[in-house]
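Undergrad: here are the coordinates; sequence isn't available:
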C-alpha cells in the first residue's frame, strides 16, 4: 500500500491555536508604547521588566478588543474571568511567569464556544471556537555565538489567543479558516493581522485517524509565517504521519517546527521536560466582570464586517457583486476604496483603477495595499485630473506607476513629466496637419469615407504628442480637416 | 532632662517646628546622632545616607514652621528595605538583591516625599520579609533595643527597633502574616497593618501578593494615624488598592470607647499564650471596660486553621513572586554557569538563604500538579471560612481584641533550628492577613521586663475605630512613653 | 510522604540547586511541616469556594494611553551583563 493510499484511508484532524497582537497603543499591563522594530530595550518600564515591587494594571482597550473578537466569533462571553500566572523559566519572560487567562480547573477564559463560518465554493464550513483569552507576550531572544541576547521591548504586548476545535479536515481548510479569521479580526479592528510582522501567529495540531475512531496522536506544528506556509507545513506533516502509519510506526506526540527554507517540519531540539506550569489566580489583578450593558456597548461600537460592507458597496455605490467582493476581501483594501471615494465620488471609476492597475502593480510587487506608499487622497487626485481632462488615461497609468513606487503626488509627477493633456485646438491642429501630410494614403481613405482609417491617424497624433493629446478633440479636428461626417 | 528630639513623636516635632522651638535640621541631627551611637549594637539599618538626610532637612528648614507645611515636613522616616527607593539600595534583606538600586520609587515613598518626610535609610528585615525575628536577613540580625540578646521580631524588625531606639521618628514596614504587628509588640511601639487595599503595594517587593500590606511604625497612636493618612489611598498603579476615601485619621482620634462592643478572641487566649502576655492583655481589656467599652468573649472557630492555611498560601505566592530572581537582568548572577539552567539554579542557591529556599520548596510543592487541590486550593478554601468567622464576629462587635503574639521577644537563635516553632509566633496575626482586615499592635504592658502588645482588629477599611480604641488605651496608660534603656542611655 | 524524588522534582521546578545537606534537611522539614498541616484535612470544605482576593472589587482598568518608558541606561542599569543595548545570558539553545 502506498503512502497516498494510507493518507486517503485516514481522516486528517486539525485544530488551530492563533495568537493575535491586539491593536492597542500600549502594553497589556503598563503604559509602555507598543511599536514594531524599536531599538532594543527602549520600550520598557518597571512593570514589563518585572522589576521587584512592580504591579500590573489591565489595559481597558485590550479587554474591549478581546470582547469584540468574542462577539465577531459568536462566542459566549464569560460573566467573570480572572487572570492567572503560568510559571516557567525563560530569559524572555522577565518575571518567569506569564500572566494569562488560561483555562484550567473551573476557571473560565474571556469567552468560549464560538463558531467561525467560511465558504469554499458551495460548501459552508462551521469551525468551533473553543476559547478566546487574553495574555501578555514575551520578549525576544537573539541567539549569538555561545550566548543569547534579550530584548524586552515586546514583553507585555497584548495578545489574544483563539483556539479552534479540531474541526478542520485538511491543510487547505486550515489555511482558509485562518484567512477567514484574519479578515474578520482585521475588520473588527482587533489586530493588523500581519503574519510577517508577527502580529498574527498560528500553531496547529494535526493528527490522523480512521474515520469514526478516536483521535490519533497529534503533533503541534509551529513557526508558520504565512497563510501559504500553514497549508504547506500541514501538508508535509500530514504526509509524514501517513508515512509513519503506513510503515506501522507510531506518531510521537511532540512539537515540530516548520522550516520554510527546506519545506519540512522538524522536531524541536529543546528538552521536552514534563511541563508543570503551576497555574494559580494572579493576586495582583482583580477579577474581570463583563455584564450585558458592557457587551451591548461593545456590540454597538463594532465596526462593519466584510459581508455588510459588500452589501453596502452593491446597494449604496451600485458596484457589481464581483467588484464588491474583491474590494472587501481585506479591510485595508476596503478602507482604501472608501477613503478614495470620499475624495473622488465615482465609485465605479475608483473600483476599476483599484482592481485594475493598482492591483496589478501590487501583485507584481508582492505588496498589500497598506504596504504601498500610495495614499487614497493621492489616487483621488489622479482620478480627478483624468476627469477634468487634464490627464489622458495613458499618462495617468504612467503617473500611477510612479505614485505607487515613490508615494509622490499626482500633480507633482504630471507637472514634472509634462503629462498634462493637450486640449489646445491651435496646438493640436498643427499636429493634425502634420500627420495628414505624412500619411496621404490614410488621409485619402478617410476622405473616401473609410471611417476605420481615422483610428490610425488618431494614433499617429497620440504618438507625436507622447499620449498627451485629448483623443476626443483630435478625432473632431481630423474629421473637420478631412471633411468626414 | 527634656526628651531628645530623637525620642519625640512626629506630631510633637511639628508643634515644635511651628513654634520655632526646634527645626528639621536639629531633629535630623538628633536622629543621626542616635543612629551613629546605637547602630553597631542594634543594626536596625542596612543603609542610610547622612548627607541625604541633612540635605532633605535643609529643604524644610525654612518652611516646616508654616501653617501650610505638608503633614510630615521635616520628620525623619525610615523605610523597610523591601520598599523600592529610586537610586538607593533595596535588597529586601537578600544577598540576591545585593547592590540592586531600583530606577523608581514605591508609591508610598513618593507620598512620603510629597508629605515632606526626611527619608533616613533602609531598615533591616527578614529576607523577602520571610520570618518573625529578622534573623533571616542575609546581612545579620537586628537586636531588640529592650534586650540586645533578644530578637526585635520580624520581619520588619529593623523598622520597629529604629523607632523604639530613636533612630527614626516613624518607619514603614510591611505585614504579610504579622510582620508589622509582631515586631511592634516586641519592641514596645505602635504598629498598624491596614486593610488589604488601603495602602498601595506598588514598589513593595512582593512576598505574598494577596496578603502583603504596607503600614507604619510609630511611638504613639497619633503618629501612626498621621502616617497612615499620608500613605493611604487609591493608587492607579496598584489594581488592588481600594477607591475608598481616606479620613483624616489623626484629627479624628477622640479616645472615646463608651458603648463600643469589643470581642475578646477566645482562641487567642488559649493555654498556648504566655501567662505574662495573657495577663497584660486582660489588664488592657479591663482598662477599656473601665472606659465604658462592652467587652465580651467571641470565637473565631477556624482561627486554629489559619496558620497552616497561611503557610501554604503565602509560600505558594512567594514561589512565583521570587521566580524573577534568577540572575538574568538584575540582582546576583552566579559566576559559575555555562548553561541557562545552571545559571538559574546556582544563582538562586547562592543568592537565597535557607528560609527563603524552604518556602520556595513548600510553595512550589503546594502548587505543583497532583498537590494543588490538596494543599493550595484547600488552603484558599479555609481562607473563606476564616473570612466568614470575622464577618460573623463583626456582625456583633465593633472590633476584636487579643494578644499580638503568644510570647514576648525571644532570644536570638532560640528558634532558628525549628521552622515550625518560628512559624508559631505568627499564630494570632495570620488570620488577620488571610481575612484582609486591619489590625494594630499597641503597647499594653510588660512581661518579664519586655513589652507586650495588644492587638486590635477592625472591620475592613475601619482603621479609624482601630486607631481610636488603641488611642483610648494609650491615654489611659503610659506604656508607650517607656523608652528602652539603650535609648535612654544614649541621650 | 516527601521523598527524594519529590524534593528533586520541586527543586528543579523552582530552579534551586541544593547541596546534599539541604536536600536531606528539606526532605525532613517539608515532611514534618506538611504533616503538621494535615490538620486542614479535618475540615469539611464541600461547597466552600476559594478566596483568592479579599477585596470585593472587579474591573480595575487603565486607559490605553502611552506613558514614558525608562531610559535604556535605567532599564539595564542593574543587569549583570549587557551589551549593545541587550541583556546577555548563557546560550538558550544548547550547542549540538
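TA: Noted; the coordinates are in hand. For clarity, every value in this text was computed on a predicted model and none was experimentally measured.

Undergrad: can we go C-alpha only for contacts and neighbour counts from here?
TA: Fine.

Undergrad: May I have the phi/psi pair for residue B:74?
TA: phi 80, psi 20 (degrees, to the nearest 10).

Undergrad: Quick one: residues contacting it.
TA: B:14, B:23-25, B:27-28, B:56-57, B:60-61, B:64, B:116-118 (CA atoms under 8 Å, 6 or more residues apart in numbering or on different chains).

Undergrad: Kindly recompute the last result at 6 Å.
TA: Shown in contact with residue B:74 (CA atoms under 6 Å, 6 or more residues apart in numbering or on different chains): B:24, B:57, B:60, B:117, B:118.

Undergrad: Which elements pack onto the helix or strand the third one falls within?
TA: It refers to residue B:60. Assigned by DSSP states H and E, residue B:60 belongs to helix B:50-61. If contacts are counted by 3 or more CA pairs under 6 Å, 6 or more residues apart in numbering or on different chains; DSSP states H and E, helix B:50-61 sits against helix B:24-42.

Undergrad: so where is the chain shaky, pLDDT-wise?
TA: Here I'm looking at chain A. The model of chain A has pLDDT under 70 over residues A:1-7, A:105, A:269-274, A:417-419, A:484-485.

Undergrad: Chain C, not that one
TA: For chain C, the ranges with pLDDT under 70 are C:93-96.

Undergrad: residues in it within reach of chain A, list them.
TA: With the criterion set to CA under 6 Å from any CA of the partner chain, chain C comes near chain A through C:58-59, C:61-64, C:66-67, C:69-70, C:72, C:85-91.

Undergrad: close to chain B, is the longest helix seen in chain C?
TA: The longest helix of chain C (DSSP state H) is helix C:20-37. Yes. Helix C:20-37 is in contact with chain B by CA under 6 Å from any CA, via residue C:37.

Undergrad: got the residue ranges for the helices in chain C?
TA: According to DSSP H, the helices that chain C contains are C:4-13, C:20-37, C:72-76.

Undergrad: can I get these in a markdown table with mean neighbour count?
TA: Conversion of the helices of chain C to a markdown table gives the following (neighbours: other CA atoms under 10 Å in any protein chain shown):
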| stretch | mean neighbour count |
| --- | --- |
| helix C:4-13 | 17 |
| helix C:20-37 | 16 |
| helix C:72-76 | 19 |
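
Undergrad: before we move on, the earlier item: show me what the helix holding residue B:60 is in contact with.
TA: For helix B:50-61, the external contacting residues (CA under 6 Å, 6+ apart) are B:24, B:25, B:74, B:118, B:120.

Undergrad: Go ahead and list the helix or strand containing the last one.
TA: Remark: residue B:120 resides in strand B:118-123, with elements defined by DSSP H and E.

Undergrad: now the angle from that strand to helix B:24-42?
TA: 10 degrees (axes from the mean of the first three to the mean of the last three CA atoms, to 10 degrees).

Undergrad: partners of strand B:118-123, with directions?
TA: If you go by DSSP bridges, strand B:118-123 pairs up with strand B:45-48 (antiparallel), strand B:76-80 (parallel).

Undergrad: Mean neighbour count, the ones you listed: which tops it?
TA: Most buried of the strands paired with strand B:118-123 by mean neighbour count (mean count of other CA atoms under 10 Å in any protein chain shown) is strand B:76-80; its value is a mean of 30.

Undergrad: mean confidence for it?
TA: Strand B:76-80 carries an average pLDDT of 98.

Undergrad: That one: what's the following helix or strand?
TA: That would be, after strand B:76-80 and using DSSP H and E, helix B:107-114.

Undergrad: Show me what residue of the stretch 101-250 of chain A gets nearest to chain C.
TA: residue A:147 (3.9 Å; CA to the nearest CA).

Undergrad: ok, that residue - contacts?
TA: So residue A:147 contacts C:89, C:90, C:91 (CA under 6 Å, 6+ apart).
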